[in-house]
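Asks: Sequence and predicted structure are below.
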Amino acid sequence: MQVWSIFWHLRILSDQPIVVSGIGFARFIPILVFALIGGLVADTFNRKTIVLFTQTAMTLVATVLGLLTANGEISLWLIYGLVVIQGISIAFDGPARQSLVPNLVPREDLSSAFGLQSIASNVGAVVGPAASGLVIATIGLQWSYWINAISFLAVIAAVLLMGPIENDRVRKQGAIIEGRIVPKLDLSEIPVGIRYMLRQPIILSSMILDFLATFFSSANTLLPFISQDILHVGSVGYGWLAASQSFGSVAAAFVMSQKKQILRQGKLLLWAVAGFGAATVLFGISQTYFITMAALILIGTADTISTVLRNTIRQLQTPDNLRGRMVSINQIFFAGGPQLGEVEAGVVAQAFGTPAAIVTGGIGCIVSVALVAARWPQLRRYNGDEPIMAGQEL
């Protein structure tokens, strides 16, 4: 709800597509600066405790957004600043939260777990954007932010209900103080995760594919401009379009969650990302409401298939003591692609028009798939039942 409300808010404050570029920078810079430290923190300290702190910080950001909007004191720069604070929280939250999943389920159930996790997030992503349109139209934009703040209470409660969880590093390493093992943060260990990733072609190629695909096909953040300037719909119609991508995501995630073991994961990943690019081209050339909605549903379907596969591949190919750092490096790719893509989309849209920005992005995504498949044939051959690669003791 908050993400799409911010996009709508930007369109209210400015009619220039370039403002999307600003929000892209505001999201990406904190992740670029803090992600590697966040990964090491996730490998060193209790991941559940980290998530509790980061979710609380994001609750405060949503609350302040609502207060400033209600009081008429909001501006583009205040939105950018609060998004920066949220980005810092995400830089620490992502590695800790994603690394929790392999601590909760056995290896053979990991793809199903990520499928269920995707269902959970995408059901919210269906309800949230649609609700944001209704909330904006009826009780005001500030309530989109406040409802989001309230929703974090459920997240915090869910984390508390997990009970005690410790990752391998917390159990095995640290200083002994008064009979307790107290983990130590050693910044010199950050490069260990980088070296490991560079030696694993499956992990490296999937991250580069992720970055290139989302960089070129992140133009759906231009949806408010498509909605108002091309399709001529209001906030309610915009809300349903914003939710459309998640309708496809939920359907795909449900199918993925029911699969005990998915084989030929490399080829399936490449085809899913190529489909993501093709659906983006359809989104860009569409001039009608329902074709646009169908394109967004297809984008969500392909994106979720590739997301579940990428998460499963990386987690299975990384030992637990390096998972936080692996996720943090991936977070730079994962966040950098769409956030820098928002910058690229805003600039191209400003210069050549919104449809051109979207269509060229989809074509760029398809070309990226071909390049990655040619450069890393190991990814094409990856089946999904291979053992963890050597190097886990680095």
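Replies: Thanks, I have it.
Asks: In the helix or strand where residue 360 lies, which residues are buried?
Replies: Element membership for residue 360 (DSSP states H and E) is helix 354-375. Buried residues in helix 354-375, defined by neighbour count with 16 or more other C-beta atoms under 10 Å: 354-355, 357-366, 368-369, 372-373. C-beta here means a position set from N, CA and C on the backbone, and glycine is covered the same way.
Asks: Work out the gap between whatever helix or strand comes next after it and the centre of the chain.
Replies: Later in the chain than helix 354-375, the nearest helix or strand by DSSP H and E is helix 377-381. Put simply, helix 377-381 sits 24 Å off its chain's centre (C-alpha atoms, centre = their mean, to the nearest Å).
Asks: got a list of contacts for helix 377-381?
Replies: 201, 202, 205, 206, 209, 266, 267, 269, 270, 372, 373 (C-beta atoms under 8 Å, 6 or more residues apart in numbering).
Asks: how does it look with 10 Å?
Replies: 200-206, 208-209, 264-267, 269-270, 313, 372-374, 386 (C-beta atoms under 10 Å, 6 or more residues apart in numbering).
Asks: just stretch 158-168 next, same as before
Replies: 42-52, 55, 96-97, 99-100, 102-104, 120, 172, 181, 183, 319-324.
Asks: filter these to the buried ones?
Replies: The buried subset of those (16+ other C-beta under 10 Å) comprises 42-48, 50-52, 55, 96-97, 99-100, 102, 183, 319-324.
Asks: among those, which are in helices?
Replies: Members of the buried ones among the contacts of stretch 158-168 lying in helices (criterion: DSSP state H): 42-44, 47-48, 50-52, 55, 96-97, 99-100, 102, 320-324.
Asks: coming back round to it: and which of the buried residues of helix 354-375 is nearest residue 274?
Replies: Comparing the buried residues of helix 354-375 against residue 274 with C-beta to C-beta places residue 369 closest, at 4.6 Å.
Asks: List the contacts of the closest one.
Replies: 209, 212, 213, 269, 270, 271, 272, 273, 274, 275, 276, 277.
Asks: Next one: it from residue 257, what distance?
Replies: 25 Å (C-beta to C-beta, to the nearest Å).
Asks: show me where the stretch 101-250 of the chain has helices.
Replies: Taking DSSP state H, counting those that start in this stretch, the helices of the stretch 101-250 of the chain run over residues 110-138, 142-160, 168-172, 190-198, 201-216, 223-225, 235-257.
Asks: any chance of these in JSON lines, plus mean pLDDT and distance to residue 380?
Replies: Shown next, in JSON lines, are the helices of the stretch 101-250 of the chain (pLDDT from 0 to 100; distance: least, C-beta to C-beta, whole Å):
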{"stretch": "helix 110-138", "mean pLDDT": "75", "distance to residue 380": "19"}
{"stretch": "helix 142-160", "mean pLDDT": "89", "distance to residue 380": "38"}
{"stretch": "helix 168-172", "mean pLDDT": "51", "distance to residue 380": "32"}
{"stretch": "helix 190-198", "mean pLDDT": "75", "distance to residue 380": "19"}
{"stretch": "helix 201-216", "mean pLDDT": "80", "distance to residue 380": "9"}
{"stretch": "helix 223-225", "mean pLDDT": "79", "distance to residue 380": "33"}
{"stretch": "helix 235-257", "mean pLDDT": "78", "distance to residue 380": "20"}
